[in-house]
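In: the following comprises the amino acid sequence and a computationally predicted model.
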Amino acid sequence: MAPAVAGGGRVRSNEPVAAAAAAPAASGKPCVCGFQVCACTGSAAVASAASSLDMDIVAMGQIGAVNDESWVGVELGEDGETDESGAAVDDRPVFRTEKIKGVLLHPYRVLIFVRLIAFTLFVIWRISHKNPDAMWLWVTSICGEFWFGFSWLLDQLPKLNPINRVPDLAVLRQRFDRPDGTSTLPGLDIFVTTADPIKEPILSTANSVLSILAADYPVDRNTCYVSDDSGMLLTYEALAESSKFATLWVPFCRKHGIEPRGPESYFELKSHPYMGRAQDEFVNDRRRVRKEYDEFKARINSLEHDIKQRNDGYNAAIAHSQGVPRPTWMADGTQWEGTWVDASENHRRGDHAGIVLVLLNHPSHRRQTGPPASADNPLDLSGVDVRLPMLVYVSREKRPGHDHQKKAGAMNALTRASALLSNSPFILNLDCDHYINNSQALRAGICFMVGRDSDTVAFVQFPQRFEGVDPTDLYANHNRIFFDGTLRALDGMQGPIYVGTGCLFRRITVYGFDPPRINVGGPCFPRLAGLFAKTKYEKPGLEMTTAKAKAAPVPAKGKHGFLPLPKKTYGKSDAFVDTIPRASHPSPYAAAAEGIVADEATIVEAVNVTAAAFEKKTGWGKEIGWVYDTVTEDVVTGYRMHIKGWRSRYCSIYPHAFIGTAPINLTERLFQVLRWSTGSLEIFFSKNNPLFGSTYLHPLQRVAYINITTYPFTAIFLIFYTTVPALSFVTGHFIVQRPTTMFYVYLGIVLSTLLVIAVLEVKWAGVTVFEWFRNGQFWMTASCSAYLAAVCQVLTKVIFRRDISFKLTSKLPSGDEKKDPYADLYVVRWTPLMITPIIIIFVNIIGSAVAFAKVLDGEWTHWLKVAGGVFFNFWVLFHLYPFAKGILGKHGKTPVVVLVWWAFTFVITAVLYINIPHMHTSGGKHTTVHGHHGKKLVDTGLYGWLH
Ligand SMILES: O=c1ccn([C@@H]2O[C@H](COP(=O)(O)OP(=O)(O)O[C@H]3O[C@H](CO)[C@@H](O)[C@H](O)[C@H]3O)[C@@H](O)[C@H]2O)c(=O)[nH]1
Ligand SMILES: [Mn+2]
């Protein structure tokens, strides 16, 4: 989905939430957090009752502190953030809204305006200065310039009003956490999607799950669902191992305030800043847990082998000959219902029954402390809550000949299954390679869902952050410009687009409900609607009890009773349909009290709603849930919510909320953007074209969606601009007849304003100019390859109705990770996507060599004639440099090689040009070249030939 990208994993220190983590450990000192029950005061009784999450209490004081010099809080009373009841401590909002400081914002806006004017004047100048020598060049180049100006505007306009929102966890805590350690926070279902335990390394999925189980959220209101599209026992057993290890890992995290709570990344840390209260025990505990983790890892790594061995054991006992199925056996001696190691009928990938297995059941609602240290339990867990959240394994039924709709299908199946088991009002979606890096992330996201004006918020999108990216971020994997710039800016409109992972949803939105439209007659922009919507949650002391929640965000009964759509749209399961009216229930806790627990019947029903045929003749994938029949379900799913008038919010916290892995191999990377750009174009050519979206869409949000669904078209024009100026050295024709001073002045203004705007943007977004350049470099690389391919692919689909298919993005490193963590960066895997950029590079080198030769030859003597071409030449080669480095593979590690390679081609061409006389004379008539400045005219056959 991402049109642009940027690099450099720089750590930001100005984002709020867990600046928290910087707070010192409380050692009886009074704390500044303002929390009624505060362990920091040193009261042992209160401390043990308050929470096992010591770190959080320590952390609270600093949460939400902002020290970014680019942002300033929006005054109360402005922008609908009014708080009539005065600013008593109790009334503090759960998040604050900030805008960019005037010194930055005003020049930024003025420059955008100036550039717009300059661009317009430039195009007018270009139109009025025809190039009669090469009309086609003139026409095409003006079309190109028009497109560049237009797409720049599409990208820039939605950024006119960037907004920063800062969750205040202390206020959230105060409002929802009770002194006895229980909490009234709304329930949260976390969905993790996996599709292949080999390509998506199972250890990484296990780590994600462990980080979820250990996250700081009330355990009885938090359920983790893992969807396994491979249906393999390997995934299940890895989860079983994880849930066992979690009984040690999770209490350890709680006791010592561990960050991050994914064990792999935690133990990889060079230093372990201490957050808990038992400093002296910490070192021992940590050593012990580390040992256990290493053993856990070893077990995970040998699982595949163990399962095979177990199978051989069982299957040897059964008399069998060739062709008799060899089942896969679970540890308890029962046959696995999913995919078998020796695939056979009904037990192979894409052809197996649905499975729902509860690995960890609903925890008790009461706090349960662990045992004191003993020989069996070396960790003293007395005083630490040892409960674990519910954990469920789901593998939906797969049948051949049925379109399972990849991730979107998995998400919809999980949505239904989870409705039966926990039915939380909020759903967090994480890819299996993304783990929770900040234990406060869930709470931070919830702030935007329960705060003032939040009734109309459909989803909260977190930025995607990645690890394992090479330090110079050669292919702009970090995408910082897109996340920290574009998405944050959209928060000032209707909200960020949905980018597939790290996104918190409101369940009723997924079900196709409209947002509440209070005091608003007829269609209007949701921002306005939001101003009028008074949320009940924001009032101090008001808890989300069952009765009140019913009155709050669930839309009023429509003509279909509680349902926004006819009942049959949801599929044939009364049990599931019955959960819908309670879908905005505050918690599974309450739901459990009403009898929704993981009993046999419920699980049978959960299997039923994940059946392959369940969605037949229903609205799933259309009006409800994640959208089907596209290569990227994300943007369009969010779009369908926005056109209903829902808003979204952007939640960027530090330390990063979630961290995933990114493909650092050039080929993988190109395929990833090929898929995103194809998905974007698909939306443009579908009924979801943003030009026709409802009037609930904010005007500038619409512009943003037009941008995100059209950006790949840039490829067509960029191909022209990256080759024609270079060829013009050979043909003698440039896009303008005479590159006069005026031409260069315009070019100068247009480019320098772009640069200054970028500098300001980079400043408020908190990224670096280097990242901005990387972003530009990858933009050109992608345009010349993936975007171009996407345009061709989608046009083929639109014209010939041919389907597009994609493979899973591989997370498997192909190099030797031990020696060089970035080995994969230089593994060259050939793909036709590389052809165009390679051609472009050669055209430019040859073009500049010819120009050089002509100057040497005395053919060209006026600098202005050469300058235009040389400029574009440099522009192209500068941008394609990372690409060139990438395709040179291992040997290309030093930039020198690229330069030598370029220089070599350059010199050879120039020498050939000068020394082969027939290049000047062959090829037909001797033509007189238009000598623009009355200089020597050389007869060159080549000129005539190309005329
Ligand atoms: O049949 C499938 C295929 C994929 N997945 C899962 O979907 C997620 C994303 O798939 P992946 O191949 O990793 O795509 P990426 O290009 O890495 O993902 C980006 O792009 C996707 C499509 O836009 C979004 O869905 C993702 O969230 C976003 O991170 C992974 O967790 C997969 O396990 C399934 O559950 N079932
Ligand atoms: Mn992914």
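Out: Yep, that arrived. As the structure is a computational prediction, the values presented were derived from the model and not from experiment. Numbers count the residues shown, from 1 in each chain. Ligands and ions are numbered 1, 2, ... in the order given.
In: what segments of the stretch 501-650 of the chain are strands?
Out: Under the criterion DSSP state E, counting those that start in this stretch, the stretch 501-650 of the chain contains strands at 503-506, 647-650.
In: which non-adjacent residue is nearest residue 272?
Out: For residue 272, ignoring the flanking residues on the chain, the nearest one in space by Cβ to Cβ, 6 or more residues apart in numbering is residue 286 at 7.2 Å. Quick note: C-beta positions are derived from backbone N, CA and C, even for glycine.
In: please verify my assumption that residue 122 contacts residue 146.
Out: No: in this structure, residue 122 is not within contact of residue 146 by Cβ atoms under 8 Å, at 10.4 Å.
In: so the two - more neighbours on which side?
Out: Between residue 122 and residue 146, residue 122 has the larger neighbour count (other Cβ atoms under 10 Å), namely 19 against 15.
In: work out for me the element that one sits within.
Out: Assigned by DSSP states H and E, residue 122 belongs to helix 102-128.
In: averaged pLDDT, that helix. What do you get?
Out: Across helix 102-128, the average pLDDT comes to 94.
In: got the buried residues for it?
Out: By neighbour count, with 16 or more other Cβ atoms under 10 Å as the criterion, the buried positions of helix 102-128 are 104-105, 108-109, 111-112, 115-116, 118-119, 122-123, 126.
In: picking up where we left off before, now do the residue nearest to residue 272 against residue 263, distance only.
Out: Spatial separation of residue 286 from residue 263 under the definition Cβ to Cβ, to the nearest Å is 11 Å.
In: between those two, which has more neighbouring residues?
Out: The neighbour comparison of residue 286 against residue 263 (other Cβ under 10 Å) goes to residue 263, with 29 against 18.
In: ramachandran coordinates for the closest residue to the more buried one other than its chain neighbours?
Out: What sits nearest to residue 263 in space, not counting adjacent residues and going by Cβ to Cβ, 6+ apart, is residue 293, at 5.0 Å. Note on residue 293: backbone dihedrals following degrees, to the nearest 10 are phi -70, psi -40.
In: for residue 368, see how far away residue 293 is.
Out: Here the criterion is Cβ to Cβ. By it, residue 293 lies 23 Å from residue 368.
In: of those two, who's got more company?
Out: Set side by side, residue 293 and residue 368 show unequal neighbour counts under other Cβ under 10 Å, the larger going to residue 293 at 19 against 12.
In: got the contact list for the residue in the stretch 201-350 of the chain positioned nearest to ligand 1?
Out: Residue of the stretch 201-350 of the chain nearest ligand 1, by Cβ to the nearest ligand atom: residue 229 (3.9 Å). When contacts are counted by Cβ atoms under 8 Å, 6 or more residues apart in numbering, residue 229 touches 193, 194, 195, 196, 395, 396, 398, 404, 406, 410.
In: just list whatever residues bridge to the first one.
Out: For residue 193, the residues forming beta bridges with it (DSSP bridges) are residue 227, residue 431.
In: can you give me the end-to-end distance of stretch 445-463?
Out: Terminal residues of stretch 445-463 are spaced 12 Å apart (Cα to Cα, to the nearest Å).
In: can you redo the contacts of residue 229 as a markdown table with secondary structure?
Out: As requested, the contacts of residue 229 are exported to a markdown table (DSSP: H, G, I helix; E, B strand; the rest coil):
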| residue | secondary structure |
| --- | --- |
| 193 | strand |
| 194 | strand |
| 195 | coil |
| 196 | coil |
| 395 | strand |
| 396 | coil |
| 398 | strand |
| 404 | coil |
| 406 | helix |
| 410 | helix |
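In: which one of those is nearest residue 433?
Out: Nearest to residue 433 among these: residue 194, at 9.1 Å, using Cβ to Cβ.
In: how about the strands in the stretch 351-500 of the chain?
Out: Going by DSSP E, counting those that start in this stretch, the stretch 351-500 of the chain shows strands at 351-352, 355-360, 390-395, 426-431, 435-436, 457-461, 465-467.
In: how about those in a markdown table, adding mean neighbour count, distance to ligand 1 and mean pLDDT?
Out: Putting these into a markdown table (neighbours: other Cβ atoms under 10 Å; distance: least, Cβ to the nearest ligand atom, whole Å; pLDDT from 0 to 100) gives the following:
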| stretch | mean neighbour count | distance to ligand 1 | mean pLDDT |
| --- | --- | --- | --- |
| strand 351-352 | 22 | 14 | 96 |
| strand 355-360 | 21 | 15 | 96 |
| strand 390-395 | 26 | 10 | 97 |
| strand 426-431 | 25 | 3 | 97 |
| strand 435-436 | 29 | 12 | 98 |
| strand 457-461 | 28 | 11 | 97 |
| strand 465-467 | 19 | 10 | 95 |
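In: and those as CSV, adding distance to residue 759?
Out: Rendered in CSV, the data for these read as follows (distance: least, Cβ to Cβ, whole Å):
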stretch, distance to residue 759
strand 351-352, 55
strand 355-360, 51
strand 390-395, 47
strand 426-431, 34
strand 435-436, 34
strand 457-461, 26
strand 465-467, 23
